[in-house]
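Enquirer: Predicted model follows, preceded by the sequence.
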Amino acid sequence: MSQTRVSRAGLLLLAFLWVLPGASIALPEDREQAIEIESDHAVRDEKAGTTIYSGNVQLIQGSLKILADRLEIYQDKESAVDRIFAFGTPAYVEQQPSADKPPIKARGETIRYFVQQERLQLETNASIDQDGSSVTSNVINYYIKDEVVKASGSDQRVRVVIPPREEDTSDKGE
């Protein structure tokens, strides 16, 4: 798989565009909210530690919203959530990182969240948007703790859009 190279300065810029709090992509109060999941079907396998939701899946917890055709939740031996996979055409995740920032919107035909690694991976027609800035690529990895975004593509080049800054007209005496 050939990878499109993104400059080191570009990766640093992307990391600053999506400054997310340490261990979660969320408002602090999101973790205190109930998780509501709706789907057409749900299967829980206690021995395997998996729950699979399928058919028009919607998960909401505070400002977090996940929409997918299929959502898989895996737990480790201690019953802690280990990873969450969402599949769709596309699967969609939206969450507000803080009260003063607009929501981050992410899409991909596959979205994988690795809890222990604190890594969000978007695959196939992947994109992340926030406040007019966007990254589009075949694969996007966001390392939450390190605040690093890495984008690569095989058949699709990495595309970054950064809107112009709005001029401050308050000092112009108008």
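Expert: On my side now, so go ahead. Computed from a predicted model, the values in this text were never measured in an experiment. Residues are numbered from 1 along each chain as shown.
Enquirer: Now for the residue lying closest to residue 67 once chain neighbours are set aside, how many residues are close by?
Expert: Excluding the flanking residues, the one nearest residue 67 by Cβ to Cβ, 6 or more residues apart in numbering is residue 92, at 4.4 Å. To be clear about C-beta, it is placed using only N, CA and C from the backbone, and glycine gets the same treatment. Neighbour count of residue 92, defined by other Cβ atoms under 10 Å: 16.
Enquirer: Would you mind listing the buried residues in the particular helix or strand that has residue 92 in it?
Expert: Taking DSSP states H and E as the criterion, residue 92 maps to strand 81-95. By 16 or more other Cβ atoms under 10 Å, the buried positions in strand 81-95 come out as 82-88, 90-95.
Enquirer: do stretch 157-169 as well
Expert: Buried, per 16+ other Cβ under 10 Å, within stretch 157-169: 158, 160.
Enquirer: Tabulate the CA atom coordinates of it in PDB.
Expert: The C-alpha trace of stretch 157-169 is given here as PDB (Å, rounded to 0.1, in the frame of the first residue of the first chain):
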ATOM      1  CA  ARG A 157      -4.600  11.600  -2.100                       C
ATOM      2  CA  VAL A 158      -4.800  13.400   1.200                       C
ATOM      3  CA  ARG A 159      -6.800  16.700   1.000                       C
ATOM      4  CA  VAL A 160      -6.700  19.400   3.600                       C
ATOM      5  CA  VAL A 161      -8.900  22.500   3.500                       C
ATOM      6  CA  ILE A 162      -8.200  25.400   5.800                       C
ATOM      7  CA  PRO A 163     -10.500  28.400   5.400                       C
ATOM      8  CA  PRO A 164      -9.100  31.900   5.500                       C
ATOM      9  CA  ARG A 165      -9.100  33.700   8.800                       C
ATOM     10  CA  GLU A 166     -11.900  36.200   9.200                       C
ATOM     11  CA  GLU A 167     -10.500  39.800   9.500                       C
ATOM     12  CA  ASP A 168     -11.200  41.600  12.800                       C
ATOM     13  CA  THR A 169     -13.100  44.700  11.800                       C
END
